[in-house]
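Chemist: structure, please.
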Amino acid sequence: MRVIPFVLIFIILSSGCLQASSSLSESTSSAPESSEIISSSQETSGASCIRPGYGEFNAKNLFFNLVDDHERLKESLAFLMPPNNTITVKGLLVAKKYTVNQKVCYYEGNVELKAFLGESNFSNSWSFVQSRLRKVENISVEISPKETTISKNKNATFEIKIKTENVRIGETYYIYIVALGENGWKSWARIEVKIWGLEKTSH
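Modeler: Predicted coordinates for the structure are as follows:
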């Protein structure tokens, strides 16, 4: 009868050791390499700011502005343009705040801005969007600057110059502006441009 309590105690102690070993293994495997360590003064440091879907879902911190800084910012634009015309769209990239396990984080860091042509079907899934992006052709799209930096207290502005030099009347271009953060996050928004005008007739 004395053997049973001893066996129970042994099982309990063994279970505790296994749990401790498992916790140590998990913490060791998730620890960043020395090259990945960021200053602890940054609120976005460490893997704790990586939440489910990070880098796959649209960060939604990219906005457009057609007129001036006092106009309402928009996540997408759509307008008509005649051939051989130029328009400048103002862009704003925001260090958007989010939380992971009650820790405050920001979409920040060095960012690369790129332009692509895409489809009319918009999605907030990068896997869906990326497979449908293609090189800009016929219509001209220039982004300035192409690289910028945002942080907790610093947003960034940029300009998108659209030229309709080699387009045809009736065509519609879905221009995707994509922001690629150095930490892996992505944000994208769309500008829809439809070419209009009177067809030239020959006599």
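Chemist: residue 157 and residue 148, how far apart?
Modeler: From residue 157 across to residue 148, the span is 8 Å (Cβ to Cβ, to the nearest Å). The way it works is simple: take the backbone N, C-alpha and C, and place the C-beta from them, glycine included.
Chemist: likewise residue 128?
Modeler: 26 Å.
Chemist: can you check residue 194 too?
Modeler: Taken as Cβ to Cβ, the span from residue 194 to residue 148 is 29 Å.
Chemist: more neighbours, these two?
Modeler: residue 148 (18 against 14; other Cβ atoms under 10 Å).
Chemist: got a pLDDT number for the residue nearest to the more buried one when sequence neighbours are not counted?
Modeler: By the measure of Cβ to Cβ, 6 or more residues apart in numbering, the closest residue to residue 148 outside its immediate chain neighbours is residue 156, 4.1 Å from it. Predicted confidence (pLDDT) at residue 156: the value is 96.
Chemist: okay, now residue 156: neighbour count?
Modeler: Around residue 156 there are 18 residues (other Cβ under 10 Å).
Chemist: contacting residues for it?
Modeler: By Cβ atoms under 8 Å, 6 or more residues apart in numbering, the residues touching residue 156 are 92, 93, 111, 148, 149, 150.
Chemist: change it to 6 Å
Modeler: Neighbouring residues of residue 156 by Cβ atoms under 6 Å, 6 or more residues apart in numbering: 93, 148, 150.
Chemist: what is it paired to in the beta sheet?
Modeler: Residue 156 has these beta-bridge partners by DSSP bridges: residue 93.
Chemist: how near is residue 120 to residue 109?
Modeler: 31 Å.
Chemist: not counting residues beside it along the chain, what's closest to residue 171?
Modeler: residue 195 (4.9 Å).
Chemist: and the one you found, what are its bridge partners?
Modeler: residue 81.
Chemist: repeat for residue 162
Modeler: Listed by DSSP bridges, the beta-bridge partners for residue 162 are residue 87, residue 141.
Chemist: isn't it right up against residue 87?
Modeler: Yes - under the criterion of Cβ atoms under 6 Å, residue 162 makes contact with residue 87 at 5.2 Å.
Chemist: and those two? which has more neighbours close in?
Modeler: residue 162 (21 against 15).
Chemist: can you check the pLDDT for residue 199?
Modeler: pLDDT, read off for residue 199, is 68.
Chemist: cool, residue 66 as well?
Modeler: 75.
Chemist: so who does it touch?
Modeler: So residue 66 contacts nothing (Cβ under 6 Å, 6+ apart).
Chemist: tell me the spacing between it and residue 90.
Modeler: Look at residue 66 and residue 90: by Cβ to Cβ, they are 7 Å apart.
Chemist: same question for residue 104.
Modeler: From residue 104 to residue 90 the distance is 28 Å (Cβ to Cβ).
Chemist: residues in contact with residue 133?
Modeler: Under the criterion of Cβ under 6 Å, 6+ apart, the neighbours of residue 133 are 116, 118.
Chemist: could you redo the last one with a cut-off of 8 Å?
Modeler: If you count contacts by Cβ under 8 Å, 6+ apart, then residue 133 has 116, 117, 118, 176, 178 around it.
Chemist: does the last one sit in a helix, a strand or a coil?
Modeler: Three-state assignment for residue 178 (DSSP: H, G, I helix; E, B strand; the rest coil): strand.
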